[in-house]
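Q: how would this look folded up:
(2 chains)
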Amino acid sequence: MRRRRRLRPSLSLRITASFGLGALAVAAAVAVSSYWFAARFLARQQEASALHQAYLNAVIVRARLRAPHPDLPSILDALTTGPGTQTVIYATGRWFSSSLLVSRDGLPTNARSATLNGSVVRAWARIAGDAQLVVGVPLPEVDADYFQVVDQSSLARTLAVLRSVLLGAAAATAAAGAALGWWVSRRLTAPLRSVAAAAQRLARGNFETQLPPERDLELAGLVDSFNTMVVALRHRIERDARFAADVSHELRSPLTTLSTSLSVLRNRRDELSPRSREALALVSLELVRFERLVDDLLEISRSDVQADLVDAEPLRICQLILNLLERAEYTTVTAEFDNEALDAVVQGDKRRLEQVIRNLLDNASAYAGGAAMITAEATATTVSVYVDDDGPGVPAEERERIFDRFTRGRGAARRGSRAGTGLGLALVREHVRLHRGKVWVTDAPSGGARFSIELPRVAR
Amino acid sequence: MTAASVLLVDDDDGIRASLRLALEDHGYQVREAADAETALDQVKETSPDVVVLDLMLPGMDGFECCRQLRRLSDTPVLIVSARGDSHDVVAGLEAGADDYIRKPFDVPELAARLRALRRRLRFSADQTREAGSVDVSINPDSGEVRVHGRVVHLTKTEFHLLYELASHPGRVFTREMLLERVWDYGYFGDTRIVDVHVGRLRAKIEEDTANPRWLVTVRGFGYKFEP
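A: A predicted model of the protein is given here:
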């Protein structure tokens, strides 16, 4: 049963995000301050040069106005100005301007009145949509004022380019920061991921799993303890399995003597009294169960230490079932397979798969009076086999547990002669697990229990 | 038919004693050996018809005993494996055993295996047809196999297997079919018995066992004899 947990975003995502945001903040601060200093410096420079030129021109204007009968338009023409510079003169109560673009009304009111009141003025203004620098120089000696309007749209363009360059650089820096963060997070979480992967292999039963040695001091500790843990776990499981194997192995010789001697007795049944015959029958029956228990114990202890199939070959699973059903004890079971399922091949161990099917059939005999029907279904990647019976079914709370060792379902309270070893379904699960498959139990459509096995299918 | 003799090799007194009783009931003349050395001496002196050999023996183990026994005679050997471990079984068959049985077994099963082994002893006498190809001649009368004219020594089981394959050249036999025809097993026999015997046959008649000329594996099906 897997509970859903509220998960935080992954560690690598968080590291990536913080690197990206950090880089963005630094880049933005650098960009804003660079822009601010650059813009200020350029504006000062423009102001200084405009002021310098305005003074020079004001001196010329003053000199010309002192001459008798000054001709103001020609004075304007005589002034040296750079491109995009307009001049305006206020003299003798009238306004003269070098171009139609700028006149008295074009000048910003503040700058105009300040100049007329006798101050030198520098002002930035937006005239006809363009950035302009207005410099006003009062000429009180000749009762006139000189204005110069310098177009600054090229400065505005320069600043616009600078803005977009800085913006791009900031974005690129943020992206680079995020990329660096991603790389760092991958590096940082790589050991975590390899530990997680190793733990998964371990969970699947591969006890040869080891992590590669690590040079980093902190990680080396983690890797060492993980590897030590795996080895300890493996030794423990091997020891348990070896013990079970040794016990069942040691039991085999006395069991052989017992069963052989019993067969000699059975050959002489007629010489025995009825009571002795009954006792002989009991001993024979229990001996069969004892032998099966020893076999199953050995089998399950072997599967405890095995992670992969050793004797696997391509098998037609449905064909294997049909062959099995030809045996005398299973003739009452019917099987229905379509052609797709009949053709489906799995990579399997014949002996183990036969035991899986046999145990399911025997289980059905013990608890439900025998299996009723076997069907199968093949998809592109899997083959599923369903063993249905007409018994009472398996209660939902027992459906997991019946695959545990030595657990018997409620229906098996009576341990009749057909009662199994208590390991049958546990072996089914172990064998199916070795085949990388799944086994589970549900209700059959007919009402009894349905045991389902799903095995990976081999591509044709 | 006179009573067939069986040599029981097992270090467990109980098993030997009970098996003696059971096999005598089946009409066998039973001899016993508790270790490998005694068993080899017995084979030399009394040449039993069949040997039942436990793999777990004190001193010289069953595998080595089987190998040495093969050097002495063609007597069919049935190995008894307590583990039922695939490794044990294959190693025993490779050491030259003809068949195996797992402990604990029941007597009818053992009797059936022994019957199959003895049937193979008489096998060549029942066949008259020669089989094989130009280069591999198989004569059931003399029980002789010649490869390029050179006589190759085969055990009865190996001979039977080769004869079965070569009397239908080119026909593919599944492992199960061969188990049934040569070893008298039904569908439930262990097909590794066939694989190990084919391997042994190849080692005896093929020049290059990795690329066999006559005993060809048909992937996913079984084996065939290529004439």
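Q: what's the least confident helix or strand in chain B, going by average pLDDT?
A: One helix or strand of chain B scores below all others by mean pLDDT, DSSP states H and E: strand B:131-132, with a mean of 66.
Q: Starting from that one, tell me the next helix or strand along the chain.
A: Using DSSP states H and E, the helix or strand that follows strand B:131-132 in sequence is strand B:136-139.
Q: Tell me which other helices or strands that following strand touches.
A: strand B:144-147, helix B:156-166 (3 or more CB pairs under 8 Å, 6 or more residues apart in numbering or on different chains; DSSP states H and E). Placement of C-beta: from N, CA and C, glycine included.
Q: Pick the most deeply packed of these.
A: The highest average neighbour count among the helices and strands packed on strand B:136-139, using mean count of other CB atoms under 10 Å in any protein chain shown, belongs to helix B:156-166 at a mean of 24.
Q: Residue A:370 reaches residue A:334, doesn't it?
A: No - counting by CB atoms under 8 Å, residue A:370 does not reach residue A:334; the two are 10.9 Å apart.
Q: neighbour-wise, which of the two wins?
A: Set residue A:370 next to residue A:334 and count neighbours by other CB atoms under 10 Å in any protein chain shown: residue A:370 wins out with 18 against 11.
Q: distance of the more buried one from residue A:61?
A: Using CB to CB, to the nearest Å, residue A:370 is found at 123 Å from residue A:61.
Q: same check, this time on residue A:442
A: According to CB to CB, residue A:442 stands 105 Å off from residue A:61.
Q: picking that back up, any idea which of the helices and strands packed on strand B:136-139 has the lowest pLDDT on average?
A: Among those, strand B:144-147 carries the lowest mean pLDDT, a mean of 84.
Q: which secondary structure elements does it contact?
A: strand B:136-139, strand B:150-152.
Q: Kindly report the residues of the stretch 351-460 of chain A close to chain B.
A: Within the stretch 351-460 of chain A, the residues that sit near chain B (CB under 8 Å from any CB of the partner chain) are A:351, A:354.
Q: swap in the stretch 201-350 of chain A?
A: So far as CB under 8 Å from any CB goes, the stretch 201-350 of chain A lies against chain B at A:249, A:252-261, A:263-264, A:267, A:291, A:294-295, A:298, A:310-311, A:314, A:323, A:326, A:350.
Q: what's the pLDDT at the most centrally placed residue in chain B?
A: Centroid-nearest residue in chain B, with CA atoms, centre = their mean: residue B:98, separated by 1.7 Å. Per-residue confidence (pLDDT) for residue B:98: 91.
Q: ok, it to residue A:194 distance?
A: 51 Å.
Q: Residue ranges of each domain in chain B, please.
A: Following automatic domain parsing, chain B resolves into domains at B:5-122, B:127-225.
Q: Which element, helix or strand, includes residue B:223?
A: Taking DSSP H and E as the criterion, residue B:223 maps to strand B:222-225.
Q: try residue B:109
A: Using DSSP H and E, residue B:109 sits within helix B:107-126.
Q: Any idea how many residues pack against residue 47?
A: All of this is about chain A. 17.
Q: Not quite, go with chain B.
A: Neighbour count for residue B:47, taken as other CB under 10 Å: 12.
Q: cool, residue A:353 as well?
A: Counted with other CB under 10 Å, residue A:353 comes out at 24.
Q: what's the answer for residue A:70, then?
A: 17.
Q: so is it in a helix, a strand, or just coil?
A: coil (DSSP: H, G, I helix; E, B strand; the rest coil).
Q: For it, list the residues it contacts.
A: Contacts of residue A:70 were listed using CB atoms under 8 Å, 6 or more residues apart in numbering or on different chains, and they are A:64, A:91.
Q: Distance of it relative to chain B?
A: 116 Å (CB to the nearest CB, to the nearest Å).
Q: Note down every partner strand of the helix or strand where residue A:150 lies and its orientation.
A: Using DSSP H and E, residue A:150 falls within strand A:144-151. Taking DSSP bridges as the criterion, strand A:144-151 forms sheet pairs with strand A:85-91 (antiparallel), strand A:130-139 (antiparallel).
Q: Just after that strand, pick out the following helix or strand.
A: helix A:153-203.
Q: Now do the helices in chain A.
A: With helices called from DSSP state H, chain A shows them at A:11-66, A:72-78, A:109-116, A:153-203, A:217-267, A:274-304, A:317-325, A:339-343, A:350-368, A:424-434.
Q: helix, strand or coil for residue B:7?
A: Assignment for residue B:7 (three-state DSSP): strand.
Q: Give me the neighbour count for it.
A: Neighbour tally, residue B:7, other CB under 10 Å: 24.
Q: what's the answer for residue A:271, then?
A: Counted with other CB under 10 Å, residue A:271 comes out at 9.
Q: Would you quantify the distance from the closest residue in space to residue A:60 that isn't next to it in sequence to chain B?
A: Spatial nearest neighbour of residue A:60, chain neighbours left out: residue A:79 (6.3 Å); criterion: CB to CB, 6 or more residues apart in numbering or on different chains. Residue A:79 sits 103 Å away from chain B, going by CB to the nearest CB.
Q: residues contacting residue A:79?
A: A:57, A:60-61, A:87, A:98.
Q: ranges for the strands of chain B?
A: Counting by DSSP state E, one finds strands in chain B at the ranges B:5-9, B:29-33, B:50-54, B:77-81, B:99-102, B:131-132, B:136-139, B:144-147, B:150-152, B:172-174, B:215-218, B:222-225.
Q: re earlier: who's in contact with the strand holding residue A:150?
A: Strand A:144-151 is touched from outside by A:46, A:50, A:53-54, A:57-58, A:61-62, A:65, A:81-92, A:102, A:106-107, A:111-112, A:115-116, A:127, A:130-139, with contacts defined as CB under 8 Å, 6+ apart.
Q: tell me which residues in it are buried?
A: Using 16 or more other CB atoms under 10 Å in any protein chain shown as the test for burial, strand A:144-151 gives A:144-151.
Q: What of stretch A:320-335?
A: A:320-321, A:323-325, A:330, A:333, A:335.
Q: So, low pLDDT: which residues of chain A?
A: A:1-7, A:307, A:408-419, A:460 (pLDDT under 70).
Q: can I see the domain layout of it?
A: When chain A is cut into domains by automatic domain parsing, you get A:12-160, A:217-304, A:313-456.
Q: okay, the ones you listed, which one's buried deepest?
A: Highest mean neighbour count among the domains of chain A (mean count of other CB under 10 Å): domain A:313-456, with a mean of 18.
Q: circling back to that earlier point, which one of the helices and strands packed on strand B:144-147 lies nearest to residue B:167?
A: With distances scored as CB to CB, the stretch of the helices and strands packed on strand B:144-147 nearest to residue B:167 is strand B:136-139 (8.1 Å).
Q: partner strands of the closest one, parallel or antiparallel?
A: strand B:131-132 (antiparallel), strand B:144-147 (antiparallel).
Q: Sort out which residues of that strand are buried, please.
A: B:136-138.
Q: Chain neighbours aside, what residue packs nearest to residue B:120?
A: In this structure, residue B:120 finds its nearest non-sequential neighbour in residue B:156, 4.7 Å apart by CB to CB, 6+ apart.
Q: Hmm, the one you found is touching residue B:76, no?
A: Yes - if you go by CB under 8 Å, residue B:156 and residue B:76 touch, sitting 6.4 Å apart.
Q: Now the common contact residues for those two.
A: Common neighbours of residue B:156 and residue B:76 (CB under 8 Å, 6+ apart) are B:98, B:120-121.
Q: where does chain B dip in pLDDT?
A: In chain B, residues with pLDDT under 70: B:1-2, B:83-86, B:123-132, B:134, B:186-188.
Q: and it, which residues reach chain A?
A: Selection of chain B residues close to chain A by CB under 8 Å from any CB yields B:12, B:14-15, B:17-19, B:21-22, B:25, B:82-84, B:86, B:103-108, B:187-188, B:190-192, B:220.
Q: All set now, cheers.
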